[in-house]
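Undergrad: One predicted model, sequence on top.
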Amino acid sequence: VQLQASGGGLVQAGGSLRLSCAASGRTFSSYALGWFRQAPGKEREFVARISRSGGSTYYADSMKGRFTISRDNAKNTVYLQMNSLKPEDTAVYLCAASGSLSLPYRWDYWGQGTLVTVSS
């Protein structure tokens, strides 16, 4: 599966952005999906994941209550709604897909990333 992330940009602290990740292929619903981010000079970190059906989600502690992951299997798209953004949320955000049937997920496919910049 090929993944294409979009929706990044420049936003002021406290603002919101919604990222999208469109996937190619007819088996989109066969994959769990996740969002990760990588800030300059830092390692990539997990943001959120969502199950195949969308019925189960999980977030990194620092994103709970601010970020919401969702998916539309009819549109082959996963979303990340980001609210109350902070300067430390500045990073390249990447989407990923996992064909794993159980935890821990192995992330098999990666998108190219979209840059989010939060100004103070």
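TA: Nice, I can see it.

Undergrad: Which pLDDT does the model give Leu80?
TA: Listed pLDDT for Leu80 reads 98.

Undergrad: Run through the residues that contact the nearest residue in space to it that is not next to it in sequence.
TA: Nearest residue to Leu80, sequence neighbours excluded (CB to CB, 6 or more residues apart in numbering): Leu19, at 4.3 Å. (Glycine included, C-beta is placed from N, CA and C.) Going by CB atoms under 8 Å, 6 or more residues apart in numbering, Leu19 touches 5-8, 35, 79-80, 82, 93, 95, 114, 116.

Undergrad: Kindly spell out which helices and strands sit in contact with the helix or strand encompassing Phe36.
TA: Taking DSSP states H and E as the criterion, Phe36 maps to strand 32-38. Applying 3 or more CB pairs under 8 Å, 6 or more residues apart in numbering; DSSP states H and E, one finds that strand 32-38 contacts strand 17-23, strand 45-50, strand 67-72, strand 77-82, strand 91-98.

Undergrad: what's near enough to touch the residue positioned nearest the centre of the chain?
TA: The structure's the chain has its C-alpha centroid closest to Trp35; by CA atoms, centre = their mean the separation is 2.5 Å. For Trp35, the contacting residues are 19, 21, 47-49, 69, 78, 80, 93-96, by CB under 8 Å, 6+ apart.

Undergrad: ok, back up a step: and the gap between the residue nearest to Leu80 and Leu101?
TA: 26 Å (CB to CB, to the nearest Å).
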